[in-house]
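> dropping the sequence and predicted coords here.
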Amino acid sequence: MDLSTKYLGLSLKNPLVASASPLSEKIDTIKKLEDSGVSAVVLYSLFEEQISLEARELNHHMTAGTESFAESLTYFPEPQDFVRGPDQYLEHIRKAKAAVKIPIIASLNGRSVGGWTDYAQKMQQAGADALELNVYFIPTNLNTTGTQIEQTYLDILKSVKSAVKIPVSVKLSPYFSSMANMAKRLDEAGADGLVLFNRFYQPDIDLESLTVVPNALLSTRFAMRLPLRWVAILYGHIRASLGATSGIHEHLDVLKMLMAGADATMLCSTLLKNGLGQIPKILESMKAWMEEHEYESVQQMKGSMSHKSVEDPAAFERANYMKALHSYKA
């Protein structure tokens, strides 16, 4: 049974990729992920704010007291020359690469174009096999237009692509007015892969303390429906690899995503909930299902249930919505 696949130009032994999560914070756990059977690991994200904060702190210490002797500023390089980012993250990449044989994908999480994107080059130099751009952008300014938001995504991608030679994927939100067109534009701008979709964690309100609090909830299998639809729609229409994430908990979820057209499936919530033992269970169940249904490889099934391959492509569009409403009976 051939479970191999290609994602971002990388040859993977199977389509199971550990997505960015606390599981990748320790080298020992990354080793266990490899031993359990994942084909690649996306490291936890380095945030734009972390890099910007370090730059601001350095600027503060270098310029302290110089308001009295302005000429002393000329003895120092410009603060932006010292933007290095957390060295610990680079060292983590190096250690991970030395510890395992599977690809290590670094992750940058940000929302604006700036010097922080240059840090991608340092990740490449540290040994990362690829880079995932996790653009987490909640526009709250009423004057910000959809066109401006889309351009921000494109500008961030182009900035990073100009700095590195390793593959770069973009982890997208589903909230564009024209998701298909945005995918096409990112593809044309050089994205090596698109990861569908970023989960925007929603805040909660603590009624006792009257504060807004973060609230991270693990995904359920129902969450896979949204990426499933868009993977199926985009398959065969863009050059970039398609990574599916959100709601992938069991082997059936993986198989559905592959048939929709995904090159890789990202696992997080199911591993946090069920442990790393879930990985070999998924792989063995995949093999059993494929053998029973006479599939010899992942490649054979990939895209077989995509928008362009099914007998009724409207099932992925508005017709599916109308049919779903009429099919439910109280």
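Everything's here; your move.
> which stretches of this protein have low pLDDT?
Using pLDDT under 70 as the threshold, the predicted model of the chain has low-confidence ranges 53-85, 115, 318-330.
> three-state assignment of the residue nearest the centre of the chain?
Centre of the chain computed as the mean C-alpha position; nearest residue by CA atoms, centre = their mean is Lys171, 4.0 Å away. Classification of Lys171 into helix, strand or coil gives strand, according to DSSP: H, G, I helix; E, B strand; the rest coil.
> next, count neighbours for Thr5.
Residue crowding around Thr5 was assessed by other CB atoms under 10 Å; the count is 24. For the C-beta atoms, the positions are set from N, CA and C on the backbone; glycine is no exception.
> what does Thr152 give?
By the other CB under 10 Å criterion, the neighbourhood of Thr152 contains 18 residues.
> which SSE is it in?
Secondary structure assignment for Thr152, by DSSP states H and E: helix 146-161.
> buried residues in that helix?
Counting neighbours by 16 or more other CB atoms under 10 Å, one finds that the buried residues in helix 146-161 are 149-150, 152-154, 156-161.
> if I've got this straight, Ile248 is in a strand?
No - inclusion of Ile248 in a strand is not indicated when three-state DSSP is applied; the result is coil.
> kindly provide the distance from it to Ile51.
Taking CB to CB, to the nearest Å as the measure, Ile248 falls 30 Å from Ile51.
> one more: Leu207?
Distance from Leu207 to Ile51, by CB to CB: 36 Å.
> for these two, indicate the residue with more neighbours.
When neighbours are counted by other CB under 10 Å, Leu207 and Ile51 differ, and Ile51 comes out ahead with 23 against 7.
> the more buried one in helix, strand or coil?
Three-state secondary structure (criterion: three-state DSSP) places Ile51 in helix.
> thinking it is in contact with Trp116, fair?
Yes - contact criterion CB atoms under 8 Å: Ile51 and Trp116 qualify, at 4.4 Å.
> so who does Ser219 touch?
199, 246-247, 249, 268-269 (CB atoms under 8 Å, 6 or more residues apart in numbering).
> sorry, that was for Ile238
The contact partners of Ile238, by CB under 8 Å, 6+ apart, come to 183-184, 187, 194.
> next, give me the two most distant ones among those.
Lys184 and Leu194 (10.3 Å; CB to CB).
> of the two, who's got more company?
Neighbour comparison, Lys184 and Leu194: the larger count goes to Leu194, with 23 against 16 (by other CB under 10 Å).
> now the strands for the stretch 1-150 of the chain?
According to DSSP state E, counting those that start in this stretch, the stretch 1-150 of the chain carries its strands in the segments 5-7, 10-12, 16-18, 40-42, 46-47, 104-110, 130-135.
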